[in-house]
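>>> Pasting a predicted model and its sequence here:
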Amino acid sequence: MRVSAIWILLTLLMVGCGVLAPETVWLGRPGSFTRLVNDSPGVRQMIAEASWRDEEAERSLGALPDQKRAELVKDMLLHPDRYVTERRKLLAEMARQPASMVAGRQDAIVIGRSEARCGGDPVDTNRFIKVRVSTGPSTGTEGWYCQGSDVEVLSNE
C-alpha cells in the first residue's frame, strides 16, 4: 500500500512538472498546407528500416578518428549524391503514400519519433515524427511528418 501511494505521488509530481507532458509542435505556416503521411504497417516498416540504417551510419561515423570523420563529412557535403541514395528512395516512397493535408499553422502533439532522417543532404538531422493535430479544423488527424523548418517545438506542457 505504501509503495503504491509513493508511486501515485511521484507520477502526479512528474506530470505537474511537465516530465510526462507531451511535446507540442507547430505544423506549417499560415496559408500553407502540411502533408501528414497516414500511418500504416508499411509506413512504419519503411521508417524502421531507415532508422536502423541511419543509426548504423551514425555509429560508424562516430567510431572514426576525428581526422577521418572530418574528411568524410567534408566529402558528404561536397558529394551528397554518394550518401543519400537510400534516403531519396525512402522520401520518394513516402511521397507516394496516402496522406492528409493540414491547412495553416496548427498545434500538434508528438506521439512518435524515429531516427529515420528525412532531410535532403547527408548531414541533415531532420527526422520523421508522428504527430496528432490538436487545434483547428484538422484536430485529431494523425500522421508522419519530416520534422524540420516547418515544425517548431512549442513546449513539453
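Here it is on my side, so go on.
>>> Every contact and neighbour count from this point should use C-alpha atoms.
Will do.
>>> Skipping adjacent residues, who's closest to residue 30 in space?
Using Cα to Cα, 6 or more residues apart in numbering and skipping residues adjacent in sequence, the residue nearest residue 30 is residue 104, 4.3 Å away.
>>> give the contact list for the one you found.
27, 28, 29, 30, 31, 32, 33, 34 (Cα atoms under 8 Å, 6 or more residues apart in numbering).
>>> Flag every buried residue along the helix ranked longest in the chain.
Scanning the chain for the helix with the most residues, using DSSP state H, yields helix 41-63. For helix 41-63, a neighbour-count test (16 or more other Cα atoms under 10 Å) marks 43, 46, 47, 50, 51, 53, 54, 61 as buried.
>>> Show me what that helix is packed against.
If you count contacts as 3 or more Cα pairs under 8 Å, 6 or more residues apart in numbering; DSSP states H and E, helix 41-63 packs onto helix 85-96, strand 106-117.
>>> Now do the same for whichever helix or strand comes after the last one: mean pLDDT, whole number.
Later in the chain than strand 106-117, the nearest helix or strand by DSSP states H and E is strand 127-133. With pLDDT averaged residue by residue, strand 127-133 scores 94.
>>> Need the residues that contact strand 127-133.
The contact list for strand 127-133, computed with Cα under 8 Å, 6+ apart, reads 47, 106-119, 139-148.
>>> following it, which helix or strand comes up?
Following strand 127-133 in sequence order, the next helix or strand is strand 142-147 (DSSP H and E).
>>> So what's the gap between that following strand and the chain middle?
7 Å (Cα atoms, centre = their mean, to the nearest Å).
>>> what pLDDT, on average, does it get?
Averaging pLDDT along strand 142-147 yields 92.
>>> please renumber so the chain begins at 814
In the new numbering, first residue 814, that becomes strand 955-960.
>>> chain center to stretch 932-940: distance?
11 Å.
>>> hang on, I meant stretch 906-915
Centre to centre, stretch against its chain (Cα atoms, centre = their mean), the figure for stretch 906-915 is 15 Å.
>>> end-to-end on that stretch?
Distance between the two ends of stretch 906-915: 20 Å, counting by Cα to Cα, to the nearest Å.
>>> next one: stretch 947-960
End-to-end for stretch 947-960, by Cα to Cα: 17 Å.
>>> Which residues does that stretch contact?
With Cα under 8 Å, 6+ apart, stretch 947-960 has contacts from 848-852, 912-913, 915-916, 919-922, 931-932, 939-946.
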